[in-house]
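Visitor: 3D model of this:
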Amino acid sequence: MGGNQTSVTEFLLVGIPLSPRIQVLLFGLFSVFYVFTLLGNGVILGLISLDSRLHTPMYFFLSHLAIVDIAYACNTVPQMLVNLLSPAQPMSFAGCLTQTFLFLTFARTECFLLLVMSYDRYVAICLPLRYSTIMSWRVCITLVVTSWISAVLTALVDMVLLLPLPFCGPQKVNHFFCEILAVLKLACADTHLNEVVVLAGSVSVLVGPLSAIVVSYGHILHAILKIQSAEGRWKAFSTCSSHLCVVGLFYGTAMIIYVGPQHGDPQKQNKYLLLFHSLFNPMLNPLIYSLRNREVNAALRRRLGKERPL
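Guide: Okay, here's the model as predicted:
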């Protein structure tokens, strides 16, 4: 980054301005949540890797969702924990923009992966006889690689427009991490184009996939209602319930933050919503899949059973 681009060499993250006692309490609480996020997603990854019965397209996609959740949390939570103990810790300009890029990449990868998982459920329930042909391993790998590449490319567009902007002060980012809209507010130039591109990108990776997910589940619901037995209908729906819960959590908060109408103090509102998005979503996802998924529960019992001493 050239000297003519910016006179700011570091940023200060405002974080969550609270009393020192409350900040220490939150540090302990958020640390526990962070550990549960790593352990929960790590267990999901371990089970899928070790249990051959989970070597299916559905769990292949779930393993990548777990990887994204771990990376998502690791990108934002450690810096937030540091700021809770030592407020106003400086963060380098390059480090801040790297965090921005990684956040956009992981968030958008999760958008695309949830879309891919809904397509997998559509094929499994609506086209069961052709499932193994349509969802071949080559297709699964292609869908996952496409999700990652699409996320990286869309994040690069935002970063290419962000990098040339001059930053001459103030240095305080009104957030607990370098969120792109909070960083743009510090630029000493017109950022209207950047904000339009961020909004357009958010609409394309949120509204587009969510619309496709809704259409997929419309077909899935129609197919489930045509099943004669109540047991068959419940079995078919149970394979989708975990995914629906995760979609509702992820897209619900993301749509409010980036696409929905703003009320009151939008910057403060978005900060706390993103706190939920960054801290709780990655922790809740493995819990949802482990509590509501029979195959994951069975795999966990098999692994625990094997490790019991004789």
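
Visitor: Where does pLDDT dip in the chain?
Guide: The chain contains residues with pLDDT under 70 at 1-7, 87-88, 169, 258-269, 291-293, 306-310.

Visitor: mind listing the strands in the protein by residue range?
Guide: According to DSSP state E, the chain carries its strands in the segments 10-13, 90-92, 172-173.

Visitor: May I see those strands organised as a markdown table, with mean neighbour count added?
Guide: For every residue, glycine as well, the C-beta is placed using N, CA and C. Shown next, in a markdown table, are the strands of the chain (neighbours: other Cβ atoms under 10 Å):
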| stretch | mean neighbour count |
| --- | --- |
| strand 10-13 | 20 |
| strand 90-92 | 15 |
| strand 172-173 | 18 |
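
Visitor: Could you save the ones you listed as a markdown table and add columns showing distance to Val43?
Guide: Shown next, in a markdown table, are the strands of the chain (distance: least, Cβ to Cβ, whole Å):
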| stretch | distance to Val43 |
| --- | --- |
| strand 10-13 | 31 |
| strand 90-92 | 31 |
| strand 172-173 | 34 |
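
Visitor: Please identify which of these is closest to Ile213.
Guide: strand 172-173 (32.5 Å; Cβ to Cβ).

Visitor: Against which helices or strands is that closest one packed?
Guide: strand 10-13 (3 or more Cβ pairs under 8 Å, 6 or more residues apart in numbering; DSSP states H and E).

Visitor: contacts for the strand it packs on?
Guide: 79, 83, 88-93, 96, 171-173, 175-178, 183, 186 (Cβ atoms under 8 Å, 6 or more residues apart in numbering).

Visitor: Next: stretch 232-246.
Guide: 58, 65, 114, 117-118, 121, 124-125, 217, 220, 223-225, 227, 285, 288-289, 292-294.

Visitor: PyMOL command for the buried members of those residues?
Guide: The PyMOL command for the buried members of the contacts of stretch 232-246 (criterion: 16 or more other Cβ atoms under 10 Å) is given here:
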select buried, resi 58+65+114+117+118+121+124+125+217+220+223+224+285+288+289+292+293
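
Visitor: Give me the subset of the contacts of stretch 232-246 lying in helices.
Guide: 58, 65, 114, 117-118, 121, 124-125, 217, 220, 223-225, 285, 288-289, 292, 294 (DSSP state H).

Visitor: Could you list which residues are in contact with His175?
Guide: Leu13, Val14, Gly15, Ala182, Lys271, Leu274.

Visitor: Would you list the phi and psi of the nearest residue to the second one once chain neighbours are set aside?
Guide: So that's Val14. Leaving aside its chain neighbours, Val14 sits nearest to Asn174 (4.9 Å; criterion: Cβ to Cβ, 6 or more residues apart in numbering). Here is the backbone geometry of Asn174 (degrees, to the nearest 10): phi -80, psi 70.

Visitor: dump the residue contacts of the most centrally placed residue in the chain.
Guide: Here the mean C-alpha position of the chain is nearest to the C-alpha of Ala107 (Cα atoms, centre = their mean), at a distance of 4.3 Å. Applying Cβ under 8 Å, 6+ apart to Ala107 gives the contacts Tyr72, Ala151, Ala254.

Visitor: Fine by me, we can end here.
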